[in-house]
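Q: Predicted model follows, preceded by the sequence.
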Protein chains: 2
Amino acid sequence: MEMQVGADSLQLPRPVYIMQTASVVGKLEGEGPIGDCFDMVCADDRFGSDSWESAESEMQKEALTLALGKEGLQAEQVRYLFAGDLLGQDIASSFGLLDFSRPIFGLYGACSTIGEALSLASMTVAAGYADLVAAVTSSHFGGAERQFRFPIEYANQRPLCSTWTVTGSGAYLLGTKKTHAKITGVTTGKIMDLGVRDAQNMGAAMAPAAAALILNHMKDFARKPEEYDAIITGDLGSVGHDILVELCQIGGCDISQNHYDCGMVIFDHEKQHTCAGGSGCGCAAVTLGSYFLPRIISGKWKRILFIPTGALLSPVSFNEGQNVPGIAHGVVIEYEP
Amino acid sequence: MEMQVGADSLQLPRPVYIMQTASVVGKLEGEGPIGDCFDMVCADDRFGSDSWESAESEMQKEALTLALGKEGLQAEQVRYLFAGDLLGQDIASSFGLLDFSRPIFGLYGACSTIGEALSLASMTVAAGYADLVAAVTSSHFGGAERQFRFPIEYANQRPLCSTWTVTGSGAYLLGTKKTHAKITGVTTGKIMDLGVRDAQNMGAAMAPAAAALILNHMKDFARKPEEYDAIITGDLGSVGHDILVELCQIGGCDISQNHYDCGMVIFDHEKQHTCAGGSGCGCAAVTLGSYFLPRIISGKWKRILFIPTGALLSPVSFNEGQNVPGIAHGVVIEYEP
């Protein structure tokens, strides 16, 4: 079987099954439209910790523990961890996953990290390098605001195009044991910089990368958008969604009928005042597992393209006047009867 | 062939060749004991940029361009980039590798990132997912000081156990085309926290992770240290070196005869006042390629274990009173006649 498909994609040499997933979120996410879908909602966004950063680590720890527990597995059975977060130097993952004491690959793809993690994790299993691996990412509103924007105490006004970082962590166990959901393909994103300089408008910064990924993916696999029950981006929000649909249209792909964005699903952005929607490493991770994946597992959906999106900036790069490039990583998830 | 070796290691199903490497360093590195080995030494540590962070991006761009040029290859022929750096949100890599427009996996393993990158890159090639990939990492003294320690203008006193972040970037092309150096095995590190709280003493923070990796590696492959011509850590420096040798001794492994540390090789730490030696994502990357790899290629050495080491802290985690855990990633490089 040809594994290298087109220029940017892989057809995995054997299917990799999503054996389990678990999602842990904060209070606001629990109050949102899909609040009932999450495994754990914490009323206290500090998760019993004394800082937001430690709280984020706690969420990762809890999410992976829950995923393992639901499957009756021990941490020692996991051969590799693939993990990342939004904070500088990936500290939420380093401290959150320390106690599992498993070989770990730290990743950074901004909010696209769960796509990168599922890509590398499924490539690892499909190659026979492991029978069970885990992919974990997280984000925290408080930690992200402090890192990228303003201290919350400033009560700064948020532009309507801005997104609200999801407080949450999603963990996935991937392996060779057959389930009803399998990862069959991977399309890897390139960094794209179209000159966006507004770090508050990340939907605009990421939409071109998502559009390029969708177009490259369809070309590589010689498929059309209608061959997917859903094309699900990570956290473009309503502003990025509109740009994405239009850019795909220009590229000859109509995704207007089956595009979903995790950032638009997780919050009721009008009632919950989250402006353009949710974002962050946790947004796509918890929404896929809790809300979309059950549709695959039940067989209602046969094939989806999951595309977490990321804005590649840091406080330093932004303050030094750099643009905000975007990236997106895609994985194909299919129903296994 | 059994690929999963022991608990933490992989025997690659086919050898992956180091097709080319290139190293770009700053002025101090060029004046050091192995200064003549590097492909490019820049007299101006800003590399023509207006910030240290942009300079670091320039180094990555230059290192990969040089590696491709030496091999007569075009960027389009590289299927995947595996890259990372020390800065928050991996910005040196994001901006440095943007123009190559290749599918990219952003990585973070602190100073161990070149080990993580070579691991994932060689796993990708060995699985048949790509015929040519690149691994690139970098660090910059100015950017790292600003991020992790004190503004240089403070002229703060450096403790003798501290290390000096190497200004440099190393790029590696890995592929299926036969050369005299091949990667044959991978041992992946776990995060280890032995309670070190001194962010200036990173050798002590990282040595336990390096020792654990060496002991796990020898156990997994049922080998002894004397079966390696060299066991090369990334950036423990002289303080970490002593701890490592002792910890390995306690674990029943005598590496005192064949242990090298890139951080001790790249600088004459007494003459150049770099305290315990060099460190950073660029340290191991440029030292392996420029100084150690030629010994493999010439056949003088038959097998080495290369173990870049990383200290998993961020300015935020440190200021919030967290410990400094360590990690190490190992790859086996062998001579191919």
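A: It's in. Owing to the predicted nature of the structure, the values given are computational and were not obtained by experimental measurement.

Q: any idea which element residue A:162 lies in?
A: Using DSSP states H and E, residue A:162 sits within no helix or strand.

Q: out of everything not next to it in sequence, what's closest to it?
A: Excluding the flanking residues, the one nearest residue A:162 by CB to CB, 6 or more residues apart in numbering or on different chains is residue A:200, at 4.4 Å. In this view, the C-beta of every residue, glycine as well, is placed from N, C-alpha and C.

Q: ok, now how distant is that neighbour from chain B?
A: Separation of residue A:200 from chain B (CB to the nearest CB, to the nearest Å) stands at 16 Å.

Q: again, but for residue A:216
A: Distance from residue A:216 to chain B, by CB to the nearest CB: 9 Å.

Q: Just to be sure, that residue is in a helix?
A: Yes. Counting by DSSP: H, G, I helix; E, B strand; the rest coil, residue A:216 is found in a helix.

Q: Quick check: it vs residue B:169, distance?
A: From residue A:216 across to residue B:169, the span is 28 Å (CB to CB, to the nearest Å).

Q: Same check on residue A:90?
A: Here the criterion is CB to CB. By it, residue A:90 lies 20 Å from residue B:169.

Q: Which one's more surrounded, those two?
A: More neighbours surround residue B:169 than the other of residue A:90 and residue B:169, with 37 against 31 (other CB atoms under 10 Å in any protein chain shown).

Q: Can you tell me the SS state at the more buried one?
A: In three-state terms, and counting by three-state DSSP, residue B:169 is strand.

Q: What is the neighbour count of the residue in the stretch 201-337 of chain A positioned nearest to chain B?
A: Sorted by distance to chain B under CB to the nearest CB, the residues of the stretch 201-337 of chain A start with residue A:314, at 3.6 Å. Each residue near residue A:314 was counted by other CB under 10 Å, and the total is 24.

Q: And for residue A:153?
A: Residue A:153 has 6 neighbours, counted by other CB under 10 Å.

Q: The longest strand anywhere in chain A and chain B, any residue contact?
A: Secondary structure of chain A per DSSP state E: the longest strand is strand A:9-25. Yes. Contact of strand A:9-25 with chain B (CB under 8 Å from any CB of the partner chain) involves A:10, A:13.

Q: chain center to that strand: distance?
A: Offset of strand A:9-25 from its chain centre (CA atoms, centre = their mean, to the nearest Å): 13 Å.

Q: Which elements pack onto it?
A: The helices and strands touching strand A:9-25, judged by 3 or more CB pairs under 8 Å, 6 or more residues apart in numbering or on different chains; DSSP states H and E, are strand A:40-41, helix A:52-71, helix A:113-126, strand A:168-175, strand A:181-187, helix A:202-221, helix A:281-287.

Q: got the contact list for the first one?
A: This points to strand A:40-41. Residues outside strand A:40-41 that contact it (CB atoms under 8 Å, 6 or more residues apart in numbering or on different chains): A:22, A:23, A:24, A:25, A:26, A:27, A:29, A:30, A:35, A:62, A:63, A:66.

Q: which among the residues you listed end up buried?
A: A:22, A:23, A:24, A:25, A:26, A:29, A:30, A:35, A:62, A:63, A:66 (16 or more other CB atoms under 10 Å in any protein chain shown).

Q: is it possible to export those to TSV including distance to residue B:119 and pLDDT?
A: Formatted as TSV, the buried ones among the contacts of strand A:40-41 follow (distance: CB to CB, whole Å; pLDDT from 0 to 100):
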residue	distance to residue B:119	pLDDT
A:22	27	98
A:23	29	98
A:24	29	98
A:25	32	98
A:26	34	98
A:29	34	98
A:30	38	98
A:35	39	98
A:62	28	98
A:63	25	98
A:66	28	98
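
Q: Export those residues as a markdown table, with columns for distance to residue A:157.
A: Formatted as a markdown table, the buried ones among the contacts of strand A:40-41 follow (distance: CB to CB, whole Å):
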| residue | distance to residue A:157 |
| --- | --- |
| A:22 | 36 |
| A:23 | 31 |
| A:24 | 30 |
| A:25 | 26 |
| A:26 | 22 |
| A:29 | 23 |
| A:30 | 26 |
| A:35 | 27 |
| A:62 | 33 |
| A:63 | 33 |
| A:66 | 37 |
